[in-house]
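Colleague: give me the fold of what follows.
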Amino acid sequence: RNINEAYRLDEMNGSDYWRKAVQKEMKNVKVAFQILEDDENVPVVYSKLGVHMIFDVKMDLTRKARLVADGHKTPDSIGSTYAGVVSRELVRIALTYGALLGLNIWGGDIQNAYLSAPTTEKFYIICGPEFGSEDIGKKAVVRRALYGTKSAGRDFRNHLRDCMTHLGFEFCRADNDLWFRESKKVTGESYYEYMLLYVDDCLVVS
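Modeller: Just a heads-up that it's a prediction; the model follows:
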């Protein structure tokens, strides 16, 4: 239920499974925060945000910890806040297209996806024990799209759109989560390669 109970379970079982899970999560998620020193002040436009750790045990018994924001306690954002999801019909069409042209199909996952995107929300947190003894009690400004914030999905989607445009892709007018660009086979034959995006999962036809 909380980090102290997780550590207490480790002590009772003579293990460090949960402690290692928390350390692994914090190694990844710390990039989302700018930890302030004691003499630094939080900008006046920033609001305090609560965070908590959630825990899970995977099918292979690996322990998983995830630091998430208490986004349900914050005001609603204006406009859509969802990440992109390509349609099932386009997935079928893309697979058929790849088969007809003899193209390769790859599937991939963007690791720590939301944390790669800058946040548009203005929050700060008070660091808890998961941040380590050197930072506990300090204020930290949230700089990345933290899991649990209401605009995290939208912020990640916009960031991903910028990345795809930078790579030379264009989005399909019928489905904005289908991206394409012109390419050439080793034979010199021109064709279009496609990237289909489903939140932080991607399907590549090339």
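
Colleague: contacts only, for Arg143.
Modeller: Ala32, Phe33, Gln34, Pro118, Thr119 (C-beta atoms under 8 Å, 6 or more residues apart in numbering). No exception for glycine: its C-beta is placed from N, CA and C like everyone else's.

Colleague: same thing but at 10 Å, please
Modeller: Contact partners of Arg143, counting by C-beta atoms under 10 Å, 6 or more residues apart in numbering, are Val31, Ala32, Phe33, Gln34, Leu115, Pro118, Thr119, Phe123.

Colleague: could you pick out the buried ones from these?
Modeller: The neighbour count (16 or more other C-beta atoms under 10 Å) marks Ala32, Phe33, Leu115, Thr119, Phe123 as buried among the contacts of Arg143.

Colleague: any idea how far Gly107 is from Val86?
Modeller: As judged by C-beta to C-beta, to the nearest Å, Gly107 and Val86 stand 13 Å apart.

Colleague: and the two? which has more neighbours close in?
Modeller: Legend: neighbour count by other C-beta atoms under 10 Å for Gly107 and Val86, higher for Val86 (22 against 10).

Colleague: how many neighbouring residues does the closest residue in space to that one that isn't next to it in sequence have?
Modeller: Leaving aside its chain neighbours, Val86 sits nearest to Asp177 (4.0 Å; criterion: C-beta to C-beta, 6 or more residues apart in numbering). When neighbours are counted by other C-beta under 10 Å, Asp177 registers 22.

Colleague: got a pLDDT number for Asp177?
Modeller: Predicted confidence (pLDDT) for Asp177: 95.

Colleague: I figured it hits Ala94, correct?
Modeller: No - with contact defined as C-beta atoms under 10 Å, Asp177 does not count as touching Ala94 (11.4 Å).

Colleague: got any residues that touch both of the two?
Modeller: With C-beta under 10 Å, 6+ apart, Asp177 and Ala94 have common neighbours Val86, Met195, Leu196.

Colleague: just how off-centre is the helix or strand hosting the second one within its chain?
Modeller: Assignment of secondary structure by DSSP states H and E places Met195 within strand 190-198. Per C-alpha atoms, centre = their mean, to the nearest Å, the displacement of strand 190-198 from the mean C-alpha position of its chain is 22 Å.
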